[in-house]
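J.: turn this into a structure:
(one chain, ligands or ions: 1)
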Amino acid sequence: MAAATAGGVRLLHPRPWARNLRRTARQLSTLAASLPIENAEELTTTAAAPKPLTSTNTDKNPTAYYPKRGQTLELVCESLAFKGKGLCKVADTGFIVMCDRALPGEKFIGRVTRKKDNYAEVKKLKTISPHWDNVEAPCEFASHCGGCKTQNLLYEAQVRAKEQQLHELIVHVGKFSDKDPEFDGIMKPIVPCDIQFHYRNKMEFSFGTRKWVPEEFLHQECDETNEYALGLHAPGFFDKVLNINKCLLQSDSANKVLAAIQDIWRDPELGLSPYDVHSHHGFLKHLMLRSGRNVETGQPELMVNFVTSSYKPELLKPLVEKVATFPDVVSIMNNVNTSVGNTSVGEEEYTLFGKSTIVESLRELKFQISANSFFQTNTHQAEILYKLIEDCSCLKGDGSEIVLDLFCGTGTIGLTLAKRAKHVYGFEIVDQAISDARRNANLNGISNATFVQGDLNKIGDNFGEYFPKPDLVITDPNRPGMHLKLIKFLLNLKAPRIVYVSCNPATCARDLDYLCHGVAEKNIKGCYKLKSIQPVDMFPHTPHIECVCLLELR
Ligand SMILES: C[S@@+](CC[C@H](N)C(=O)[O-])C[C@H]1O[C@@H](n2cnc3c(N)ncnc32)[C@H](O)[C@@H]1O
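T.: Below you'll find the model as predicted:
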């Protein structure tokens with residue numbers, strides 16, 4: 001795929017597929033418009049890339065036909081949709097079916113497993129012919145662990161599919177017309193990630209009492225004596241763990257530590273047991289590996305965090321002694337979580353070796369990260385994301401402007417903008433994140449930033465009294481997007497610019513619609529104009545899409 005350069009960032013060739021979207025798009029829009037946001041997210045999907053299709057006749061009425069549960073169908077996947085599911089249409093009817101792990105161009109036999117109002121879900125039984133842009137997945141577990149759903153799809157095709165999915169959502173959920181002459185200028189080409197493996201700075205593995213072995217590996221499995229596993233959950237199963245020694249998304253040094261722990265933790269002499277999520281007995285719950293960097297020397301630093309059901313440091317001692325011999329390991333923590341839930345955040349935290357935090361740098365600032373702090377998981381691409389946010393923010397840089405940083409987490413976005421602003425006000429629900437944000441401001445000598453804990457879904461009428469009128473609002477909500485209360489507040493506040501950073505393009509498209517077009521049934525008027533949408537691939541091989549949108553007051 002041809003590449004272009006914009007602002008020092010490599011961009012893929014601008015949408016050669018766009019002209020091919022329209023026919024499928026028209027058909028999907030009718031379905032999407034009638035669905036609640038979650039379903040609309042599933043159905044406002046990508047249209048076919050420019051390759052021949054055999055199973056589709058889009059001229060027929062898709063709702064006149066409905067496959068039965070258990071029925072088998074021969075299908076061709078047209079594109080990728082919500083959660084990376086393959087979108088297919090039943091031959092001669094155009095009826096939409098979704099299939100996990102079907103990739104564009106793949107011809108396969110599928111069995112109908114679930115029926116929804118306007119579409120059905122199928123399970124792939126057998127591939128007849130592989131998808132376009134097929135590549136060999138480097139990880140043997142790629143199609144089993146639930147993380148890398150598209151490792152066997154050429155990377156350029158992955159990002160093209162993400163770009164197409166975003167386009168569809170913006171048109172059908174956001175209600176922005178792609179026939180508008182300005183539309184192509186607004187939708188920026190996706191920024192791919194230069195590093196497609198070893199990009200994650202944090203991985204969390206689970207200990208389990210029931211090892212899950214994918215069907216195709218059953219014949220290879222000879223160690224019947226030990227059912228215990230350490231690895232990633234089988235997709236859809238909280239109690240089955242796929243045992244792994246290596247994950248290609250984390251760093252080599254993290255993989256060495258994982259392999260070393262795998263080598264010894266089952267030794268019966270150590271008396272270690274995995275936590276059983278059914279009986280609630282057992283000790284080891286999770287293993288979290290976090291990578292950072294010594295900002296002075298540039299050397300990698302690794303934090304190892306054992307999450308256990310009780311505090312028994314003597315039991316962890318052999319693991320700690322082994323792991324501490326790795327030169328990159330500078331911190332070994334123990335989070336003790338006595339609850340029956342599956343969370344990795346402990347009620348108590350102990351330092352078993354070295355220091356209790358590691359450091360990472362972003363946009364020339366230092367961030368101290370503890371075991372439970374939120375930090376962007378792809379540091380390399382976060383640099384690019386934050387540069388795009390900074391560019392989009394259009395701060396004058398004369399220190400005269402007020403920035404409101406909503407859903408600020410540990411303050412990373414606000415702090416990177418603080419040097420160009422008069423003052424930054426950050427709001428966030430998690431107490432610990434607010435403490436981290438304040439600590440990070442001190443660490444970087446930033447005194448013009450105020451961080452406040454609060455629930456942005458429950459703002460009162462007096463919310464605006466906490467800060468002067470902002471010149472710029474940054475909003476970076478989690479997957480559900482913004483609460484209508486907050487949207488109404490922003491529409492009344494009328495800040496000149498809003499930069500909306502999103503990890504869920506479906507709720508982002510909905511919120512952009514509200515901010516720009518209003519909500520007629522609630523008598524809410526939109527007052528913003530969408531200026532740009534920049535998708536960024538933060539997580540190669542996964543269905544996740546991040547984007548940065550600029551809105552200006554009309
Ligand atoms: C996508 S993260 C963004 C974090 C931060 N902007 C960053 O880039 O590191 C979303 C943040 O919103 C916070 N959050 C979720 N629901 C919230 C709510 N109702 N009110 C305030 N903050 C919330 C989460 O704790 C999380 O830190």
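J.: give me the domain ranges for this protein.
T.: Taking automatic domain parsing as the reference, the chain has its domains at 3-145, 202-362, 377-553.
J.: neighbours of the residue of the chain found nearest the ligand, how many?
T.: Closest to the ligand within the chain is Gly409: 2.7 Å, counting by C-beta to the nearest ligand atom. Placement of C-beta: from N, CA and C, glycine included. Counted with other C-beta atoms under 10 Å, the neighbours of Gly409 add up to 23.
J.: so where's this structure uncertain?
T.: In the predicted model, the chain carries pLDDT under 70 at residues 1-64, 216-226.
J.: quick one, strands of the stretch 101-250 of the chain?
T.: Assignment of strands within the stretch 101-250 of the chain using DSSP state E, counting those that start in this stretch yields the ranges 107-115, 119-129, 202-208, 229-233, 241-243.
J.: the ligand contacts on the stretch 251-400 of the chain?
T.: Contact residues, the stretch 251-400 of the chain versus the ligand (C-beta under 6 Å from any ligand atom): Phe374, Gln376.
J.: strands of the stretch 251-400 of the chain, residue ranges please.
T.: 284-293, 300-308, 329-336, 348-354, 357-362, 365-370.
J.: most packed of those strands?
T.: For the strands of the stretch 251-400 of the chain, average neighbour numbers computed from mean count of other C-beta atoms under 10 Å are highest in strand 300-308, which has a mean of 25.
J.: contacts for that one, please.
T.: 251, 253-254, 257, 275, 283-294, 316, 319, 323, 326, 328-337, 344, 346, 352, 357-359, 369, 371 (C-beta atoms under 8 Å, 6 or more residues apart in numbering).
J.: please repeat the previous calculation with a cut-off of 6 Å.
T.: Here strand 300-308 makes contact (C-beta atoms under 6 Å, 6 or more residues apart in numbering) with 253, 283, 285-286, 288, 290-292, 294, 316, 323, 328-337, 344, 358, 371.
J.: and it, which strands flank it?
T.: Strand pairing for strand 300-308, using DSSP bridges, gives strand 284-293 (antiparallel), strand 329-336 (parallel).
J.: angle of that strand against strand 348-354?
T.: In terms of direction (axes from the mean of the first three to the mean of the last three C-alpha atoms, to 10 degrees), strand 300-308 departs from strand 348-354 by 140 degrees.
J.: quick one: strand 300-308 to strand 202-208, angle?
T.: Using the same axes, to 10 degrees: strand 300-308 against strand 202-208 is 30 degrees.
J.: chain center to stretch 364-371: distance?
T.: Remark: stretch 364-371 is offset 20 Å from the chain centroid, using C-alpha atoms, centre = their mean, to the nearest Å.
J.: swap that for stretch 385-399, sorry
T.: Averaged C-alpha coordinates place stretch 385-399 at 23 Å from its chain's average position (C-alpha atoms, centre = their mean).
J.: then stretch 166-173?
T.: With C-alpha atoms, centre = their mean as the basis, stretch 166-173 stands 18 Å off its chain's centre.
J.: and stretch 371-388, by the same measure?
T.: With C-alpha atoms, centre = their mean as the basis, stretch 371-388 stands 12 Å off its chain's centre.
J.: look up the closest residue to Gly346, ignoring the ones flanking it.
T.: Asn335 (2.9 Å; C-beta to C-beta, 6 or more residues apart in numbering).
J.: cool, and Asp252?
T.: For Asp252, the spatially nearest residue (C-beta to C-beta, 6+ apart) is His198, at 6.8 Å.
J.: so the one you found sits against Ser253, correct?
T.: No. Counting by C-beta atoms under 6 Å, His198 stays clear of Ser253, with 9.9 Å between them.
J.: quick one: the helices in the stretch 301-450 of the chain?
T.: For the stretch 301-450 of the chain, applying DSSP state H, counting those that start in this stretch gives helices covering 313-323, 379-393, 412-418, 431-443.
J.: now distance to Gly454 and mean neighbour count too, for the ones you listed, in JSON lines please.
T.: Listed next are the helices of the stretch 301-450 of the chain as JSON lines, based on distance: least, C-beta to C-beta, whole Å; neighbours: other C-beta atoms under 10 Å:
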{"stretch": "helix 313-323", "distance to Gly454": "37", "mean neighbour count": "16"}
{"stretch": "helix 379-393", "distance to Gly454": "22", "mean neighbour count": "20"}
{"stretch": "helix 412-418", "distance to Gly454": "15", "mean neighbour count": "26"}
{"stretch": "helix 431-443", "distance to Gly454": "9", "mean neighbour count": "19"}
